[in-house]
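Q: Model the structure of this input:
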Amino acid sequence: MHFIYLCDTKNHAIREINITKKEVLTVIGTGEKGFDREGNKDPEVQKLSSPWDIVAVNRDTLLIAMAGVHQIWALNLKTVRFSALFIDFLIEQML
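A: Predicted coordinates for the structure are as follows:
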């Protein structure tokens, strides 16, 4: 199957577009803007803060720029869990 992942900034969600089935699913996000800076909540309750851009690191991991909280989050597609810890790693590397 072929998928496209999309940041739905206005609705504070990450969408998965299944090209084969012509379906759009919400991977994570409630539709309400959140101010969480840690993540790691169930996908149905995890509020996002203006996801702006997305890049696939590998088949299992997406990096998402959260414009609202000025962080980069990692989304594990196997567990469907977000982690904001990636930003801590980047900051440590810059210091």
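
Q: What is the neighbour count of Ala18?
A: In this structure residue 18 is Asn, not Ala. 13 (other CB atoms under 10 Å). (C-beta placed from N, C-alpha, C; glycine too.)

Q: Next: Gln46.
A: Number of residues near Gln46 (other CB under 10 Å) recorded here: 23.

Q: List the contacts of it.
A: Contact partners of Gln46, counting by CB atoms under 8 Å, 6 or more residues apart in numbering, are Ile28, Gly29, Thr30, Gly34, Asp36, Gly39, Phe82.

Q: helix, strand or coil for it?
A: The three-state label given to Gln46 by DSSP: H, G, I helix; E, B strand; the rest coil is coil.

Q: How much space separates it from Gly29?
A: For Gln46, the distance to Gly29 equals 7 Å [CB to CB, to the nearest Å].

Q: same deal with Glu44?
A: For Glu44, the distance to Gly29 equals 9 Å [CB to CB].
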